[in-house]
Structures are given as C-alpha cells and as structure tokens.
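Trainee: any chance you could fold what I've pasted below:
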Amino acid sequence: FEPFVCQAPRTLLDLVQAALFTGRWEQARRHALAARDAHTAEVSPRLALVTLGSLAMTTKDMDEARILFAQALAHPAGRDFPFEHARIHLANGMWLRRKRDAKEARGTLTCAAETFQRLGARTWAERARRELRATGVRVRPAAPLAALTPQERQIAELAASGLSNKEIAKQLFLSQRTVGSHLYHIFPKLGINSRAALRDALNRTEIAPGTDHSGGG
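Mentor: Residues are numbered from 1 along each chain as shown. This is a model prediction of the structure:
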C-alpha cells in the first residue's frame, strides 16, 4: 500500500481499519501520521473526526490513546457522521477490552452496536455485538426493525395492513415512486423478499443490543 498522502483523504478510516484488522499496525500508523502531518483535520469536520480516531487507534501509548479517543468521541462532527463515529466507538471498545476495562468497554460498544443497527450496517453491528459478548454481556439478536427509519416503519406497517402503494402514497402525501423505493430498501433490512412477509416481520420482538447482560468486570 502507498502512504495515505497518495490516497483520497476520505478513505483514511477505511485504510487504517483495514490494516489494523489484518494485523498490519505499522502500516495503519503510517496512514494516521501522514494524515496528521498533511493537516487533513483542517480540511473538514469529518476529516478532523476520522484523523483523531485514526491516531487514537494506532498509538501504542495508553495515555495518548485515551485522550485521543475521548477527543474523537466528543467531536461535534460525530452528530453529522454517525457511521464514522460508531466505528470509532467500536475501536475504543476493542481497545478498552484489551486493556481489561470491560465495564467501560460495554458502554462504548453498546453505542456502536445500536448506531450500526439503526443505520442498517448489519455486518458492523454484528462485529460490535461480538465484542460485547467478549466483555461478558449476553447479547440477544437485535430485531431487523431497529434498522428502519421512522418513515420506513410507517410505510411497512401500512403495506402490511394491506394498503397499496397508491393508497400509502395518498395517506402520507408521498409519490407512489417514493413509496416503492422505500419498500425496495425495507425488504432487505427486514430479511424478507415479498410484501406478504411484512406482517410477520413486523410482529417480531424488538430487542436492542446490550439490554440483557451479566455482572461487572
């Protein structure tokens, strides 16, 4: 891999985490330091967030890591970029677990899992839940309903009641095309492939990750 400066800045977090997840810490650290030295954090709030996160993930100094993770997770850009923010939460939780701080790790891993689930990032949500289990939390499978936006949930419920796209569109003041587009995205989120399966999918019990857990650590 070439140094970060030869790559698009928006890929920084992907480059760093891909290297870390495959055991290439030195390469991950080079990307993070190159971003810092190129003053990437000054380009945009998002890049400030991911630069802080990348530096936190790749430092071997415990005190520095704690400070950088705290700065990244408190950064106001986290509100506008929840996926990146959740990835930093996940990395922080993994780091805390390795440092045997299971109690603190549970909080940040739960934030990560819930955000990933809400965003429909199921692979990332499962990764966060695996880390939660490793801290001693008994994590129940989260219902796919958590991945739906409020409007998607409303459309899904109306469709499950038997309304047509035209009827749903009229009731919600949307176009039929918009309703159809929403349903196109709703089906895979619920793990179904037909309108007929909507009612059963909506009747599943919703269980948020992290709500059922064992004692301290």
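
Trainee: thought M57 was touching A91, still the case?
Mentor: Yes: with contact defined as CB atoms under 8 Å, A91 reaches M57; the gap is 4.8 Å. Every residue, glycine included, has its C-beta placed from N, CA and C.

Trainee: now the common contact residues for those two.
Mentor: Residues touching both A91 and M57 (CB atoms under 8 Å, 6 or more residues apart in numbering): Q17, L20.

Trainee: all helices for this protein, in order.
Mentor: Under the criterion DSSP state H, helices of the chain are mapped to 12-21, 25-37, 45-58, 62-74, 82-98, 102-119, 122-134, 150-160, 165-172, 176-190, 198-202.

Trainee: ranking those helices by burial, who's on top?
Mentor: With neighbours defined as mean count of other CB atoms under 10 Å, those peak in mean count at helix 45-58, which reaches a mean of 24.

Trainee: residues in contact with it: which ones?
Mentor: Applying CB under 8 Å, 6+ apart, the set of residues contacting helix 45-58 is 9-10, 12-13, 16-17, 20, 25, 28-29, 31-33, 35-36, 40-42, 65, 68-69, 71-72, 75-78, 80-81, 84-85, 87-88, 91-92, 95.

Trainee: same check on stretch 60-70?
Mentor: L52, G53, L55, A56, T59, I88, A91, N92, W95, K99.

Trainee: how near is the second one to G23?
Mentor: It refers to G53. From G53 across to G23, the span is 19 Å (CB to CB, to the nearest Å).

Trainee: please apply the same query to R177.
Mentor: 47 Å.

Trainee: next: A77.
Mentor: 29 Å.

Trainee: and what of S181?
Mentor: According to CB to CB, S181 and G23 sit 41 Å apart.

Trainee: and G180, by the same measure?
Mentor: 45 Å.

Trainee: in the protein, which helix or strand is least confident?
Mentor: Lowest mean confidence among the helices and strands of the chain (mean pLDDT, DSSP states H and E): helix 198-202, at a mean of 80.
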